[in-house]
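>>> Provided below for reference: sequence and predicted model.
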Amino acid sequence: MTDHPCSIALPRRRSLLKLGLGLGLTVPAALALSPAARAATFPARPITLIVPFPAGGATDTQMRALAVAASRELGQSVVIANRPGAGGTLGPAAMAHSAAPDGYTVSVVVGTLFRYPFLQQVNYDPVQDFTYIACMTAYSYGIVVRQDAPWKTLDELIAHTRANPEKISYGATGAGGSGRIAIERLSRLTGTRFNFIPYKGAAEETTALLGGHIQMVADAGWGPMIDTGRARLLAIIGDARAKRVPEVPTMTELGYPIVATNPVGIAGPKGMDPKTVAALQKAFHRAARDPEYNRALETADQPHMLMDSAAYTEFAVKQVAEEKRFVAELGLKTQ
């Protein structure tokens, strides 16, 4: 005769409890584990990686490849959740306020996270509200027009814009993104006035450019448009020419000393256990060797920019101070 569940003898119930803990089952005693004990068994379930841009863009493509490789390293799935908005700051800011610091929800962070507090009112502190886990890469910015555009060089575009102020509309990610700031600086250097249209990410900008809604894009993620012959790259907004299109000059070479840099890394909420941080950092940096991930970087002409948690945290603190100074010099505001 089979025992009723409520009639299990006490010693047998203790044995089942031990078995349940051993298998990682959800039982009340498991909730009493200390943060250190939970970190020692990390990860025990899938991890959510927030991508703060729309699906289909360069960052989304790269992070999906990275997530697959990191899943193999961690032995648990890394699941992408797209949370676009506010120049790539909406997703990480929401994570900082709502996610537990247990490593199961982390976010991609980009340089606008350090800049936006000096452009508009935000609900986060870029130094105090995040645990910086690992820096991975950096965007490669360029000025792109459609292949059938009449301008073959940046100087031709500038001359046209000077004669037709605010007639050339361009897209960039967010009102405080690096692409927008680069064009703002170019406008001041050349006495031109462009019409700025903000977008949530490269996928939307590409659609707008190819559909004729804007005439120029100043952003990263231009590789696929160039590869398919649908767009022309006029200049690199970086300190070196792009490997994939070495014939295209930098803006500095053209006489406009403008360089846009934007690191891409992974962060969690403040207060994460150092062991959990170390496990994630190790997994993501090992995943950076993955061929699919590297192909995604190469498509966007992005380099590796690997920093561990300590170096990335130090970099973030310095970058916040640098962005504060830079925004003050330009006198920029988005609101």
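Right, received. Where do you want to start? Since we're looking at a predicted model, the values are computed, not measured. Residues are numbered from 1 along each chain as shown.
>>> hey, which helix or strand in the chain has the poorest pLDDT?
For the chain, using mean pLDDT, DSSP states H and E, the weakest element among its helices and strands is helix 10-22, scoring a mean of 39.
>>> contacting residues around Gly103?
Counting by Cβ atoms under 8 Å, 6 or more residues apart in numbering, Gly103 touches 39, 42-43, 47, 268, 272-273, 276-277, 279-280. (Each C-beta comes from the backbone N, C-alpha and C, glycine too.)
>>> secondary structure element for Val106?
strand 105-110 (DSSP states H and E).
>>> Show the secondary-structure elements that that strand is packed against.
strand 47-51, helix 58-74, helix 90-98, strand 130-138, strand 263-269 (3 or more Cβ pairs under 8 Å, 6 or more residues apart in numbering; DSSP states H and E).
>>> now the strands for this structure?
47-51, 78-82, 105-110, 130-138, 142-146, 169-173, 195-199, 216-219, 231-236, 263-269, 304-307 (DSSP state E).
>>> Of those, flag the one that's most buried.
Of all those, strand 216-219 carries the top mean neighbour count, a mean of 29, counting by mean count of other Cβ atoms under 10 Å.
>>> So which elements touch that one?
Using 3+ Cβ pairs under 8 Å, 6+ apart, strand 216-219 sits against strand 142-146, strand 169-173, helix 178-190, helix 202-210.
>>> Kindly format the C-alpha coordinates of the longest one as PDB.
Output of helix 178-190 as PDB, limited to C-alpha atoms (Å, rounded to 0.1, in the frame of the first residue of the first chain):
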ATOM      1  CA  SER A 178      28.300  60.200 -29.400                       C
ATOM      2  CA  GLY A 179      27.200  60.500 -33.100                       C
ATOM      3  CA  ARG A 180      25.000  63.500 -32.400                       C
ATOM      4  CA  ILE A 181      27.700  65.200 -30.300                       C
ATOM      5  CA  ALA A 182      30.300  64.600 -33.100                       C
ATOM      6  CA  ILE A 183      28.000  66.300 -35.700                       C
ATOM      7  CA  GLU A 184      27.300  69.100 -33.200                       C
ATOM      8  CA  ARG A 185      31.000  69.700 -33.000                       C
ATOM      9  CA  LEU A 186      31.400  69.500 -36.800                       C
ATOM     10  CA  SER A 187      28.600  72.100 -37.200                       C
ATOM     11  CA  ARG A 188      30.400  74.500 -34.900                       C
ATOM     12  CA  LEU A 189      33.700  74.000 -36.700                       C
ATOM     13  CA  THR A 190      32.200  74.500 -40.100                       C
END
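>>> Right, I'll call it a day here.
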